[in-house]
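Enquirer: Output the structure for:
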Amino acid sequence: IPGYWGHIAIWLGTEEQLRTAGLWNDLSADLKERIKSGHYVLEALRPGVQVNKLVNFLNIDDLAVMRPNFIKSTAEAAYYLNRAQKQVGKEYDFSFDIETDKKIVCSELAYVVFDDPEFNWAVGKSVGRYTISPDNVAEKGFAKAIKNTEFSFTPIVLYRDGLEVAASDNLIYQFEKLIK
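Expert: As a prediction, this is how the structure comes out:
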């Protein structure tokens, strides 16, 4: 996978977070059971799209946590959560082709779940297919993206080589520097 970031996932939330947000009843019974057993992270891996424990996802050195700037209501959160849960069980897309969502790769999760045309996702073309990389998703957390559109993400936590980058170190600048 070209670029700095090699993987992305979507945090669904704990049972308490989802109940507090008024979203718990929007989930399927199967997903509720997964979340009750500590599986909060939606990700696409070789076996397919699944909900995993955070500890499994965190077997990494670098991490950016990005908060969506565009979710303003419970109804909007429910919409995106519903789109996210529809991805569970899909096969992994070894062709990395975003022109179909029948199979999914990790970065395509964001592309499919956050499907608003206003996102204007940056995509690339490789071997005759349109693809989206984790770096393309990360670019939605750049200062320019945040300034120019609400359809962006704000980096709120950043780890590099296993060490947290302090918020006082201009987190967004440090985040952009990793990719550039």
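Enquirer: so what strands line up beside the helix or strand of the chain with the lowest mean pLDDT?
Expert: Across the helices and strands of the chain, the lowest-confidence element by mean pLDDT, DSSP states H and E is strand 124-126, at a mean of 86. In the sheet, strand 124-126 lines up against strand 129-131 (antiparallel) (DSSP bridges).
Enquirer: Let me see the residues that make contact with the one helix or strand residue 156 maps to.
Expert: Here residue 156, judged by DSSP states H and E, is contained in strand 153-160. Outside of strand 153-160, the residues within contact range by Cβ atoms under 8 Å, 6 or more residues apart in numbering are 61-69, 140-141, 145-146, 164-165, 171-172, 174-175, 178. Every residue, glycine included, has its C-beta placed from N, CA and C.
Enquirer: Could you do stretch 162-176 as well?
Expert: Residues outside stretch 162-176 that contact it (Cβ under 8 Å, 6+ apart): 61, 64, 138, 141-143, 146, 154-160.
Enquirer: try stretch 68-83
Expert: 12, 21-23, 26-27, 112-116, 146, 150-154.
Enquirer: likewise stretch 10-25?
Expert: Residues contacting stretch 10-25 (Cβ under 8 Å, 6+ apart): 27, 31-32, 35-36, 40-43, 51, 65, 74, 77-78, 81, 84-85, 109-110, 113.
Enquirer: Among those residues, which are located in strands?
Expert: Using DSSP state E, the subset of the contacts of stretch 10-25 located in strands is 40-43, 51, 65.
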